[in-house]
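In: fold the following, please.
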Amino acid sequence: MRANLRASVKLTSHSFSPHIHSACTIRSSSSFSTAHKEKTFFQPANKDQMITRLCNENKFNEALQMLCEQRRLKEAIQLLERPETRPSATVFSTLLRICIDNRALEEGKRVHKIMKCSGFRPGVVISNRVLDFYCKCDKPFDAQNLFVEMPERDLCSWNIMVSGFAKLGLIDEARKLFDEMPEKDNFSWTAMISGYVRHNKPECALELYRVMLRDENFKCNKFTISSALAASASIQSLRLGKEIYGHIVRTGLDSDAVVWSALSDMYGKCGSVDEARHIFDRTKDKDVVSWTAMIDRYFGDGRWEEGYLLFSCLMYSGIRPNDFTFAGVLNACAHQTKEHFGKQVHGYMMRIGFDPLSFAASTLVHMYAKCGSVDSAYKVFKRLPKPDVVSWTSLINGYAQNSQPSEALQLYDSLLKSGTQPDHITFVGVLSACTHAGLVDKGLEYFYSIKDKHCLTHTADHYACVIDLLSRFGRFKEAEEIISQMPMKPDKFLWASLLGGCRVHGNVELAKRAAEALFEIEPENAATYVTIANVYATAGKWTEVAKIRRVMEEKGVVKKPGISWINLQRKDYVFLVGDKSHPRSKEIYEFLGELWRRMKEEGYVPAIDNVLHDVEEEQKEQNLSYHSEKLAVAFGIIATPPGTQIKVFKNLRTCVDCHTAIKYISKIEERRIIVRDSSRFHCFEGGSCSCKDYW
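Out: Sure thing, here's the model as predicted:
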């Protein structure tokens, strides 16, 4: 035991060698005084020698204190275990604090054991430190055992236990202790109320908050108020939130930044974004969390432009955005296909030197991929030191959606070689890539590997993808077999995939079954009525087409208006069907008229069978010629130099006629035209589309 101890507290000659070498090197220089050299280079050695000397003189508490100062926990505990050591209360307290800071459970248990075995009788302060240690190390029942044994407890003892149980989700145990407390303070109430909020019991939190208000001995502090506001936000009770706001004003807490932030959060989560902004503007010393929360509230409420504008204000405020801020804005850019704004955010991130290991970097890949700029997404991806599964998946899905299936599958192989474990979403991209590459059997192999090789469960999205894969190539029997064996009920995406395949291959009976299932799931979705009507029209079943049109009229189902937009010089230009609001609409319509003539010369035949309105054929052609994506494409062509790539976005799935027409336009105008509809990206070039006429 003595030999072991000496080894632990004395430095060996080997451990001295770096210091000796440094000292000898510096002695040869005349630029330092001898005293300075000794102070600088022999201080570590002197401390170890001093610890050894103190131990030899049986001054163990002084030696322990020095080890604690150097945070040499294991050596301190070894010295503590010597039978002749008689640690002071200060030493025990310091050691326990180090154990708490490092969440060192085993070392802390040894300290507690030594405390009990040495005959040391801890006072309430040291006992509270042990309670705190066990709670912080997620051992609340060990703390409870000590709590029961304590001969003396103070308010701090009770608070530690209530807070410890509440933080760990043992709410019933926390409440039992809370009710047994002989006295309570603000910390007690806040710990219990915040515990209810943290563990999804907002009603209990508000009930306890009301009880507290009835006790005249207590005055709410900012933390209690913030917890109560969080509970109101959780149940989205604006009325209760406003009641709490009234209490805030009456008690004079309306100048605290913490309270204002919680109040703004409550209004935002209760749907009162304008009131949240009012509170936000009145908040002094706003931090990045407040800014980020307010920006996200705008995005969550669909008020995109206000969110972007507030982010711009943040960049000029002197407060540096964090990863959550960047991720929120970039996700909004991806959702809105605001690539030009996303590029500005990317540039700002580069200027301030963002962390390439952060999740914001992964969001950059996602943003570019969703905006159809997979080359830019790939460049960002290649700069990531350690791409996570989100980055891999975003790029795989980007390649798949942009009709680059080979690149998507090659990237998936690279993902596996990197040792990264794919997740459920990864396989959505992989299966989609197989669909667009025509790799049916390979796609089935990937589908079954999800469960057999990667030990993941098949999701509804996986089933929708594999049905899309099979039905696209007319393998309906296999598709029906998989549907019959599904462990969950088929969802709308699966039936829509099946219906799309039936439209391509003219499978009327199966299309009818898929449509009926979709009518039950979402009876107001006009897309189902239009698609099944197209199937009937292609098959020459005009009586059925008339029935579908009649049902739509009876149920008041109206096809959602198609909206297309194009971004030129950082400005979005939006078009509706037959839109003439654009300043250059006369040019656009004249250009389309000329295109219409040239397209017909090339062999274009308008798909008037898909126009459900009961009008003359000439009117049907006219209705088709002014669809929103055609107007956007035409504007893009006349507004840009020859050969410039055109990128158009649409809120709905592109119709058959527009798809055919844009193929002709890409050939006539010798342009690469990209159209992203609600389903995927279509890349038109030289008279063909990357989707191979299936979408």
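
In: worst-scoring helix or strand of the protein, pLDDT-wise?
Out: helix 13-27 (a mean of 32; mean pLDDT, DSSP states H and E).

In: what about the nearest residue to residue 388 once chain neighbours are set aside, how many residues nearby?
Out: In this structure, residue 388 finds its nearest non-sequential neighbour in residue 362, 5.9 Å apart by CB to CB, 6 or more residues apart in numbering. Where C-beta positions appear, they are placed from N, C-alpha and C, glycine not excepted. The local packing of residue 362 (other CB atoms under 10 Å) involves 26 other residues.

In: list the buried residues for whichever strand or helix holds residue 362?
Out: Per DSSP states H and E, residue 362 falls inside helix 359-370. Neighbour-count burial for helix 359-370 flags 360-370 (criterion: 16 or more other CB atoms under 10 Å).

In: adding distance to residue 578 and pLDDT, write these out as JSON lines.
Out: As requested, those are exported to JSON lines (distance: CB to CB, whole Å; pLDDT from 0 to 100):
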{"residue": "360", "distance to residue 578": "42", "pLDDT": "90"}
{"residue": "361", "distance to residue 578": "44", "pLDDT": "89"}
{"residue": "362", "distance to residue 578": "42", "pLDDT": "90"}
{"residue": "363", "distance to residue 578": "38", "pLDDT": "94"}
{"residue": "364", "distance to residue 578": "38", "pLDDT": "95"}
{"residue": "365", "distance to residue 578": "38", "pLDDT": "95"}
{"residue": "366", "distance to residue 578": "35", "pLDDT": "94"}
{"residue": "367", "distance to residue 578": "33", "pLDDT": "95"}
{"residue": "368", "distance to residue 578": "33", "pLDDT": "95"}
{"residue": "369", "distance to residue 578": "33", "pLDDT": "93"}
{"residue": "370", "distance to residue 578": "29", "pLDDT": "91"}
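
In: including distance to residue 665, could these go into a markdown table?
Out: Below are the buried residues of helix 359-370 laid out as a markdown table (distance: CB to CB, whole Å):
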| residue | distance to residue 665 |
| --- | --- |
| 360 | 39 |
| 361 | 38 |
| 362 | 36 |
| 363 | 34 |
| 364 | 32 |
| 365 | 31 |
| 366 | 30 |
| 367 | 28 |
| 368 | 26 |
| 369 | 26 |
| 370 | 25 |
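
In: show me the protein divided up by domain.
Out: 484-555, 564-689 (the TED database).

In: among these, which comes closest to residue 167?
Out: Of all the domains of the chain, it is domain 484-555 that lies closest to residue 167, at 36.4 Å by CB to CB.

In: tell me the mean pLDDT for that closest one?
Out: Mean pLDDT, computed over domain 484-555, is 93.

In: what about the residue most central in space within the chain, helix or strand, and which?
Out: Taking CA atoms, centre = their mean, the centroid of the chain lies closest to residue 327, which sits 7.6 Å from it. Per DSSP H and E: residue 327 is located in helix 323-336.

In: now residue 574
Out: strand 571-576.

In: how far off centre is that strand?
Out: In terms of CA atoms, centre = their mean, to the nearest Å, the centre of strand 571-576 is found 29 Å from the chain centre.

In: what lies in contact with that strand?
Out: 561-567, 582, 628-629, 631-632, 635 (CB atoms under 8 Å, 6 or more residues apart in numbering).

In: among the residues you listed, name the buried ones.
Out: 562-567, 582, 628-629, 631-632, 635.

In: hmm, back to that, quick one: which of the contacts of strand 571-576 sit in strands?
Out: Judged by DSSP state E, the contacts of strand 571-576 include 563-567 as members of strands.

In: so how far is residue 567 from residue 641?
Out: Going from residue 641 to residue 567 by CB to CB, to the nearest Å gives 16 Å.

In: tilt between the helix holding residue 362 and helix 323-336?
Out: 10 degrees (axes from the mean of the first three to the mean of the last three CA atoms, to 10 degrees).

In: low-confidence stretches in the chain?
Out: The chain contains residues with pLDDT under 70 at 1-70, 73, 78-85, 216-217, 252-255, 608-624, 694-695.

In: mind naming the longest helix for it?
Out: Secondary structure of the chain read by DSSP state H shows that its longest helix is helix 585-602.

In: which stretches of the chain form strands?
Out: 563-568, 571-576, 646-650, 673-676, 681-685, 688-689.

In: now the ones you listed as TSV including distance to residue 341?
Out: Converted to TSV, the strands of the chain look like this (distance: least, CB to CB, whole Å):
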stretch	distance to residue 341
strand 563-568	10
strand 571-576	10
strand 646-650	14
strand 673-676	16
strand 681-685	19
strand 688-689	28
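
In: ok, which of those strands comes nearest residue 397?
Out: Residue 397 lies closest, by CB to CB, to one member of those: strand 681-685, at 11.2 Å.

In: which strands or helices does the closest one pack on?
Out: Judged by 3 or more CB pairs under 8 Å, 6 or more residues apart in numbering; DSSP states H and E, the packing partners of strand 681-685 are helix 656-668, strand 673-676.

In: those: which one's closest to residue 94?
Out: strand 673-676 (62.7 Å).

In: roughly how far is that closest one from the heart of the chain?
Out: 28 Å.

In: what's the burial count for the nearest residue to residue 348 once chain neighbours are set aside?
Out: Sequence neighbours aside, residue 315 is the residue nearest to residue 348 in space, at 6.2 Å (criterion: CB to CB, 6+ apart). Per other CB under 10 Å, the neighbour tally for residue 315 reads 15.

In: thought residue 321 was touching residue 315, still the case?
Out: Yes. Here residue 315 reaches residue 321: they are 7.2 Å apart, a contact under CB atoms under 8 Å.

In: and the spatially closest residue to residue 527 that is not a sequence neighbour, how far is that from residue 677?
Out: Excluding the flanking residues, the one nearest residue 527 by CB to CB, 6+ apart is residue 653, at 6.9 Å. Separation of residue 653 from residue 677 (CB to CB) stands at 5 Å.
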